Each structure stands twice: as structure tokens, then as C-alpha cells.
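# Need a 3D model of the following:
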Amino acid sequence: MSTLTKVLEKNVAEIEKNADMTEGRFRLGHHLMPPMGWLNDPNGLCWYKGRYHVFFQYAPFDVEGGLKFWGHYTSEDLVDWKYEGTALYPDSPYDCHGVYSGSAFTEHGKMHLFFTGNVKIDGDYDYINEGRETSTLHVESEDGIHFGDKEEVISFEKYPENFTCHIRDPKVWKENDKYYMVLGGRLKEDKGAVLFYSSENLREWKFERTITTSEAFGYMWECPDYFELDGQKFLSISPQGLKREEFRFQNVYQSGYFPVKEDGSVSAEDFQEWDKGFDFYAPQTFVDNKGRRLLIGWMGMPDAEDEYVNKTIDEGWQHCLTIPRELTVRDGKILQNPAKELEGLRKEKTILYDEKTIMEVRVEVNEGFDLVLEEINVTGSSFQISMGGQMIFKYENNIAELGFSEVSGAGRTKRRAKTGELKNIRLLADTSAVEIYLNDGETVFSTRYYPDRDDLQLKIMGGKFRGNFWNLRKMIFTK
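Next comes the predicted model:
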């Protein structure tokens with residue numbers, strides 16, 4: 001398959017040759033995005049040989065998706081990033097129709113990538129119960145940049161018979177001198193589940209058990225992650241097929257986590273969503289050299305084009321990743337907060353006083369900013385933060401709401417969350433992305449938005465607070 005690899009390499013290089021990630025009205029300042037084409041799931045997140053590695057699902061030939069590769073970024077500090085190019089190509093009999101999602105595991109000086117190879121057989125198939133081959137593949141690297149031959153470690157023919165063809169997205173870790181893997185799956189009864197495997201050597205894998213809920217909790221569980229925080233184990237999934245509600249499950253698909261019980265089971269009533277915004281899916285976590293568990297998610301949403309769109313399509317690219325978030329636990333619930341390194345983007349500080357009824361700050365949309373409000377005391381009927389009316393955050397009667405104007409939302413309207421008392425807010429705004437962290441990261445909203453002006457009047461109304469505001473420099477992207 002080396003000839004195919006060379007052709008794909010040449011074609012991708014030709015597309016990326018003239019890509020400038022600083023050109024374009026909505027190119028981002030502190031979120032990772034594709035040089036061209038389409039980006040979705042974060043993959044292979046790890047710390048390896050002095051650098052952070054972030055791989056991502058990448059379709060360079062089509063801004064709407066299509067044939068999937070793995071793109072690759074590295075960084076020494078989570079602030080400035082180098083684009084390393086395309087790491088994995090759909091160039092083998094196991095993945096000729098797409099290099100699908102997976103994870104990284106590092107040990108003994110080597111980086112191991114595990115991922116799903118996608119093959120769709122020509123014919124009259126539904127590609128759910130038949131017509132699709134999705135084997136689990138493995139490659140090694142000794143430098144994190146160049147990768148060896150692909151090997152099939154779990155054949156699609158050896159998955160349990162009660163599952164459909166929809167099995168994918170391996171996450172691998174080590175515990176008590178043994179290796180483990182979880183895969184997302186869809187049972188033939190249209191019930192989401194996770195497949196749990198173990199191994200002694202990273203190459204021979206034994207199926208151990210199925211993790212699912214007593215009643216169906218969606219028909220498919222994608223992008224599983226299994227990890228421990230503060231002595232508690234958690235299972236993260238992206239379920240598809242949940243019924244949408246007023247304050248929960250508001251998007252087409254969801255992402256969230258279960259606390260894992262002592263017997264290894266999970267319950268639907270314990271499920272907590274990671275994010276309440278319009279654009280968040282397929283998160284993955286990893287532990288860095290400082291011992292922190294960091295999370296990065298896809299700042300996008302599958303199958304949402306009938307409801308809202310991204311204006312970056314006109315610039316030849318689509319979607320981005322969230323900033324890295326540090327995870328901690330409080331009262332059994334996971335808190336998410338921007339990694340501290342992101343403070344390195346801050347420029348001059350403005351101290352905000354709440355002596356006025358309305359606090360106003362002029363902001364440059366093409367720069368991005370970091371707003372922190374603490375010791376909030378709601379004095380009016382509602383507490384609001386407005387960015388020139390283009391985006392409005394409102395807190396009223398223990399409910400937080402994020403809304404957009406018709407132009408800036410591009411079809412996005414409102415998302416709501418029950419939050420209890422509002423104590424503090426951190427708002428990170430980019431040229432076309434916003435992440436809002438409430439109450440020390442207990443509730444998070446992530447969304448894309450597209451303001452139609454170069455500068456906006458930031459207004460804070462309806463409460464007293466202690467606050468700071470920073471303009472942000474743009475992170476440095478190198479190739």
C-alpha cells in the first residue's frame with residue numbers, strides 16, 4: 001500500500017501548501033483548528049518526550065467531512081502549537097475508508113496509537129448490522145512523529161455476536177500491571193454499550209464484559225473513556241438517541257459521564273453531561289507530566305446541520321477543539337477549568353468595578369478575551385453579560401441561559417442549565433468560539449458564534465461582583 005500512501009501524502013500536502021491559519025475573518029486565536037477541510041474528534045492525547053500531542057480526525061479534502069485521516073499538533077506548553085502534518089492515512093486494507101477515532105498509550109519510550117479502521121463493503125447494506133468492517137488497529141512510534149506498520153489487534157470478526165457493526169473508538173490504559181481497553185458499541189437491540197477488554201502485552205486482547213445500563217440509554221455509545229479521579233472511577237461516553245429535554249440533552253447527541261459503582265456497573269440516573277453548549281462532543285482525557293487529568297473535546301456536533309451551521313465553511317475549513325481543561329472532583333461531581341497555562345495568553349489587565357448599574361468594556365472581536373467575575377451578588381431580576389447583543393448570557397431564578405442573535409448564532413438559539421446559586425463566571429471568548437465556566441467549572445457552555453462586527457460593547461448588568469478582564473494575544477501556530 002506504499003504507493004497509495006505516497007499519493008495521499010502528495011494530495012494532502014498540495015491542499016495544505018497554501019493554508020494560512022491566520023487568514024480569514026473567523027480563524028481562531030486560542031483554539032486548535034484544521035489547516036483546511038474538516039476537523040472532528042480529538043484523538044491520541046498524551047504527554048510524550050517533553051511535548052503534548054493532540055491528534056484529531058481530519059478530512060482535508062472536504063469541508064463537509066468525508067475520508068478521515070489523523071492530523072497532528074504538538075506543544076511544549078499548551079499555549080503555542082506546531083502543526084506536525086498528517087500522522088495516519090487511510091492506506092491499508094483495514095482502514096481504506098477512514099482512520100477513525102482512538103487513543104494513545106505511552107510506555108518504555110514508545111508511543112502506541114490504537115484506533116478504529118473503517119471499511120464499507122460495496123452493496124445494498126445498512127452499514128449498521130452488515131456491510132461494515134471496523135477492526136481495532138495499532139501502530140508504534142519512537143519519536144511521536146513517524147509511525148510503523150499498522151497491525152490488527154482485534155478483528156471485526158471477533159467482536160461479540162450480540163453487537164452490530166458499530167464498534168469503535170478504543171481507549172487504552174494500564175492499571176496494576178495490566179492493560180485495559182474500552183470500545184464504544186451498539187447492541188443489536190439498539191442499546192448503547194461499552195466493550196471492556198484486557199491484555200498482557202498490548203497485542204492480544206481478551207473480551208471481559210459489557211458495560212451498559214439496565215434500560216436503553218440511547219442506541220449507540222461513542223468515544224468511551226475510563227479513568228479515575230480522587231479515588232473514584234468514571235466512564236465517559238457520547239450517547240446517541242437520547243430524548244431531548246428542556247434542561248438536559250438539548251443537542252442532537254450528548255456527551256457525559258457515569259460514576260462507576262464498586263461492582264463495575266453504571267446507572268442512567270447518575271449520568272452527568274460534560275457541557276451544556278451547542279458545540280461539544282467526543283471528549284477525551286489524559287494525564288500529563290504534572291499528574292493532571294486534562295480533557296479536550298470536539299467543539300462541534302454531528303448531524304446538526306439542519307439546525308445550525310458554521311460560517312467558516314466559506315473560508316474552507318470547519319470546526320475546532322476546546323481548550324485543554326483540568327479535571328478535579330467536588331462532592332462526586334467533576335469540575336472543568338481551563339488549564340492554567342492559558343493564562344499565558346493574557347495581555348493587559350482591566351480591573352472591573354461594580355459601582356455602576358451597567359459595567360461596559362469595549363472588546364476587539366479579532367483578539368479574544370478572558371473575563372473572570374467572582375463574588376457575584378445578583379441584585380436585579382436577572383444578571384446578564386451581553387456582547388453587543390450578539391451573545392447574551394443570562395442568570396435568573398437559578399437558571400443559566402446562553403443565547404445568540406440571528407446573525408451571530410447561525411441557527412443557534414438558546415441553551416439552558418439549572419445551576420443553583422451563581423457564584424463566579426469565567427468567560428473565554430475567541431473570534432468565533434466561546435467557553436463559559438460557572439461556579440468553579442461545575443457547569444460549562446461551549447459554542448461557536450459569528451459576530452458581524454469587529455468590536456463589541458461588553459456589558460455586565462444586574463449584580464455586584466469582583467472582576468478582571470484581559471485581552472488575549474493569539475497563540476502561535478507554526479508548521
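# in the helix or strand bottoming out on mean pLDDT in the chain, what counts as buried?
None of the helices or strands of the chain scores lower by mean pLDDT, DSSP states H and E than strand 358-364, at a mean of 78. Within strand 358-364, the residues that count as buried by 16 or more other CB atoms under 10 Å are 359, 361, 363. From N, CA and C alone the C-beta is placed, and that goes for glycine too.
# swap in stretch 411-430?
Within stretch 411-430, the residues that count as buried by 16+ other CB under 10 Å are 412, 415-417, 419, 422-430.
# TSV please, covering the residues you listed and showing pLDDT, distance to residue 282 and secondary structure.
Shown next, in TSV, are the buried residues of stretch 411-430 (pLDDT from 0 to 100; distance: CB to CB, whole Å; DSSP: H, G, I helix; E, B strand; the rest coil):
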residue	pLDDT	distance to residue 282	secondary structure
412	98	19	coil
415	98	18	strand
416	98	23	strand
417	98	20	strand
419	96	25	coil
422	97	29	coil
423	97	30	coil
424	98	28	coil
425	98	26	strand
426	98	23	strand
427	97	24	strand
428	97	20	strand
429	95	23	strand
430	96	20	coil
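# Which residues does residue 285 form beta bridges with?
Applying DSSP bridges to residue 285 gives these bridge partners: residue 295.
# What strands flank the helix or strand containing residue 179, and is each parallel or antiparallel?
Assigned by DSSP states H and E, residue 179 belongs to strand 178-187. Paired neighbours of strand 178-187 in the sheet (DSSP bridges): strand 163-175 (antiparallel), strand 191-199 (antiparallel).
# ok, and for the shortest one, which residues are buried?
For strand 191-199, the buried set under the neighbour-count rule, 16+ other CB under 10 Å, comprises 191-197, 199.
# wait, which of those is closest to residue 394?
Comparing those against residue 394 with CB to CB places residue 192 closest, at 33.6 Å.
# mind putting the buried residues of strand 358-364 in JSON lines, distance to residue 136 included?
Shown next, in JSON lines, are these (distance: CB to CB, whole Å):
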{"residue": "359", "distance to residue 136": "53"}
{"residue": "361", "distance to residue 136": "50"}
{"residue": "363", "distance to residue 136": "46"}
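# Out of those residues, flag the one nearest to residue 186.
Of those, the one sitting nearest to residue 186 (CB to CB) turns out to be residue 363, at 44.6 Å.
# for that closest one, what are its contacts?
By CB atoms under 8 Å, 6 or more residues apart in numbering, the residues touching residue 363 are 369, 387, 429, 455-458, 471.
# how far away is it from residue 388?
Computed as CB to CB, to the nearest Å, the residue 363 to residue 388 distance reads 9 Å.
# Overlap of the contact sets of these two?
Joint contacts of residue 363 and residue 388 (CB under 8 Å, 6+ apart) are 456-458.
# List only those of those residues flagged as buried.
Buried, going by 16+ other CB under 10 Å: 456, 458, out of those.
# Nearest the middle, which residue of the chain would you pick?
Centroid-nearest residue in the chain, with CA atoms, centre = their mean: residue 297, separated by 1.1 Å.
# So which of the buried residues of stretch 411-430 is the closest to residue 322?
Nearest to residue 322 among the buried residues of stretch 411-430, with distances taken as CB to CB, is residue 428, at 9.7 Å.
# Give me the nearest residue to the closest one, chain neighbours excluded.
Spatially, and ignoring its direct neighbours in sequence, residue 428 is nearest to residue 435 (4.7 Å; CB to CB, 6 or more residues apart in numbering).
# Which residue ranges make up each domain of the chain?
Domain assignment for the chain by automatic domain parsing gives 2-338, 349-478.
# looking at the ones you listed, which has the lowest confidence?
Mean pLDDT per stretch puts domain 349-478 lowest among these, at a mean of 92.
# For residue 186, state which of the buried residues of stretch 411-430 is nearest.
Nearest to residue 186 among the buried residues of stretch 411-430, with distances taken as CB to CB, is residue 415, at 26.9 Å.
# and the gap between that closest one and residue 454?
For residue 415, the distance to residue 454 - CB to CB - is 26 Å.
# Report the beta-bridge partner residues of the residue nearest to residue 428.
Here residue 435, judged by DSSP bridges, has bridge partners residue 428, residue 446.
# what's the first-to-last distance across stretch 304-313?
Distance between the two ends of stretch 304-313: 14 Å, counting by CA to CA, to the nearest Å.
# Off-centre distance for that stretch?
17 Å (CA atoms, centre = their mean, to the nearest Å).
# host element of residue 14?
Assigned by DSSP H and E, residue 14 falls within helix 2-16.
# What lies in contact with that helix?
For helix 2-16, the surrounding residues in contact (CB under 8 Å, 6+ apart) are 35-37, 60-61, 69, 85-86, 89-91.
# for the residue nearest to the centre of the chain, phi and psi?
Dihedral pair for residue 297: phi -120, psi 170, per degrees, to the nearest 10.
# Let me see the contact set for the residue nearest to it when sequence neighbours are not counted.
Among residues not flanking residue 297 along the chain, residue 283 sits closest, at 3.7 Å (CB to CB, 6+ apart). Counting by CB under 8 Å, 6+ apart, residue 283 touches 42, 223, 225, 236, 238, 255, 274, 295-298, 322.
# Could you pick out which of the residues you listed are located in helices?
Among these, no member falls in helices (DSSP state H).
# If we only consider these, which is nearest to residue 249?
Distance to residue 249 across those (CB to CB) is lowest for residue 255, with 10.5 Å.
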